[in-house]
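>>> following is a predicted model, sequence given first.
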Amino acid sequence: MKVKVISRSADEFTRERSNDLQRVFHNYDPSIRSQEKAVEYVRALNAAKLEKIFARPFIGAMDGHIDAVSSTAKNPNHLKGIFSGSMDGDIRLWDISSRRTVCQFPGHQGAVRGLTVSTDGRILVSCGTDCSVRLWNVPVAAPFELDGSTENSAKPISVYVWKNAFWGVDHQWDGELFATVGAQVDIWNHNRSQPVNSFEWGSDSVISVRFNPGEPNLLATSASDRSITLYDLRMASAVRKIIMMTKTNALSWNPREPLNFTAANEDGNCYSYDARKLDEAKCVHRDHVSAVMDIDYSPTGREFVTGSYDRTVRIFQYNGGHSREIYHTKRMQRVFCVKFSCDASYVISGSDDTNLRLWKARASEQLGVLLPRERKKHDYHEALKNRYKYLPEVKRIVRHRHLPKPIFKATSLMRVMADARKRKEERRKAHSAPGSIKTEPLRKRRIIKEVE
């Protein structure tokens, strides 16, 4: 008698790295799966809801300063180190992973207005309202291994005293020069106690400076006379200048598109410009209800973070008109400085309540090591939300944010005022001769003139 037995291998019917879960086989023939789009839509809806449920962006606060945090800087060579300076002249190096101080840099007699680190990560440059620039040796990785009760104090390797107070400092991305701003723009070398070059265009004080990441000799500044100016060190003069209707508090270049920069303005908006065409902003980023105090681009160049006087931190897409995220707490006061971490995973904000706060760049991101199946599931949910993001229900859930009551009321009031201005403009056009009134878009209207 001959008997045929059906046999199959267990490896073909169990999932990878699992001995108890059965592998599911799918037949993707559309004639069999008539409800595929409906099922995917429900999954996208659930994925959007789950993102809101698991949105916990706040990680922790780094408490140690005794006055408002006025400036921050990140070290390009150390992923988990962040420098902060306060209004009382105290400078600290923090370990982000343990959220504790690992080194202090005492010496400034006034507010620390600017911090920057050299390209090689060895020199920290600080400046303040005490008319001094100080250079410090950045500790190597050893202090990060000390126990939490130990704090090191460092001494400056150089102190340069100048004639006026300083409002900002920035180091070349590739080079040994750094620039300070105050009554004028000064270019310094590490080894010289006097500026190697100085620029001045106008009599008002300059409040921020940023070197271009792609061209080391190009830098942009903003001044209290509402101007944004581009300088070229090779020409030893200013290149171009635009005057806006309100003051620009900070600038940041896009590291992936070095010809583009974004300006944080006093009117609560951010304006993205192309350095080759300054007569019109490429994009206007609106959502803040008070002055934007600081801005910093992500290393990926696809997003930037802003801190505002309205006590919120927002994350924008580089080409998005409205913010993707808004971060706030009950105790957080006016935000003076913000920074993206070097791996674009975290955001650090410094505020008037003496605290540095650590946030996740993605509010619902799962921290820790992800298993392959978990990563596949997250990627699948992201793909579903991206596919159905324009449908009304998914769009409503994804865009919804809980706002503090003052922000909500101010936003509603600004919307009413904007609608009133629009109606007034339409009525003026309707009762005027055709073509006599020209309306410029906001990205052009905020620029008064361009000077070359």
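Now that the structure is in, tell me what you want to look at.

>>> going forward, measure contacts and count neighbours with C-alpha atoms only.
Will do.

>>> need the longest helix for this structure.
For the chain, the helix with the greatest residue count under DSSP state H is helix 405-430.

>>> in that one, which residues are buried?
407, 411, 429 (16 or more other CA atoms under 10 Å).

>>> export those to TSV and append columns for pLDDT and distance to residue 236.
Rendered in TSV, the data for the buried residues of helix 405-430 read as follows (pLDDT from 0 to 100; distance: CA to CA, whole Å):
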residue	pLDDT	distance to residue 236
407	94	45
411	94	44
429	91	47
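
>>> and of the residues you listed, the nearest to residue 280?
Using CA to CA, the shortest approach to residue 280 within these belongs to residue 429, at 23.5 Å.

>>> helices and strands of the protein: which one has the lowest mean pLDDT?
Sorted by mean pLDDT, DSSP states H and E, the helices and strands of the chain end with strand 152-153, the least confident at a mean of 71.

>>> quick check: next helix or strand after that one?
Moving toward the C-terminus from strand 152-153, the first helix or strand encountered (DSSP states H and E) is strand 158-161.

>>> pairing partners for that next one, with directions?
Paired neighbours of strand 158-161 in the sheet (DSSP bridges): strand 132-137 (antiparallel).

>>> centre of the chain to the partner strand, how far?
On the basis of CA atoms, centre = their mean, to the nearest Å, strand 132-137 is displaced by 26 Å from the centre of the chain it belongs to.

>>> CA atoms of the longest strand seen in the chain as CSV?
With DSSP state E setting the assignment, residue counts place strand 237-244 as the longest strand in the chain. The C-alpha trace of strand 237-244 is given here as CSV (Å, rounded to 0.1, in the frame of the first residue of the first chain):
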residue,chain,number,x,y,z
SER,A,237,32.4,95.7,1.8
ALA,A,238,28.6,95.1,1.9
VAL,A,239,27.0,93.5,-1.0
ARG,A,240,23.2,94.0,-0.7
LYS,A,241,20.8,95.3,1.8
ILE,A,242,17.0,95.3,2.2
ILE,A,243,14.9,97.3,4.6
MET,A,244,11.7,95.7,6.0
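
>>> what residues of it count as buried?
238, 239, 240, 241, 242, 243, 244.

>>> before we move on, what about stretch 314-323?
Of the residues in stretch 314-323, those buried (16+ other CA under 10 Å) are 314, 315, 316, 317, 318, 321, 322, 323.

>>> now distance to residue 111, pLDDT and secondary structure too, for those residues, in CSV please.
Written out in CSV, the entries for these read as follows (distance: CA to CA, whole Å; pLDDT from 0 to 100; DSSP: H, G, I helix; E, B strand; the rest coil):
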residue, distance to residue 111, pLDDT, secondary structure
314, 26, 96, strand
315, 27, 96, strand
316, 29, 96, strand
317, 32, 94, strand
318, 32, 93, coil
321, 34, 90, coil
322, 33, 93, coil
323, 31, 94, strand
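
>>> for residue 259, state which of those is nearest.
The shortest distance between residue 259 and any of these, using CA to CA, involves residue 318 and amounts to 13.3 Å.

>>> thought that closest one was touching residue 303?
Yes - counting by CA atoms under 8 Å, residue 318 does reach residue 303; the two are 4.9 Å apart.

>>> ok, back up a step: note down every partner strand of the longest strand of the chain and its orientation.
Pairing partners of strand 237-244, with direction, according to DSSP bridges: strand 227-232 (antiparallel), strand 447-451 (antiparallel).
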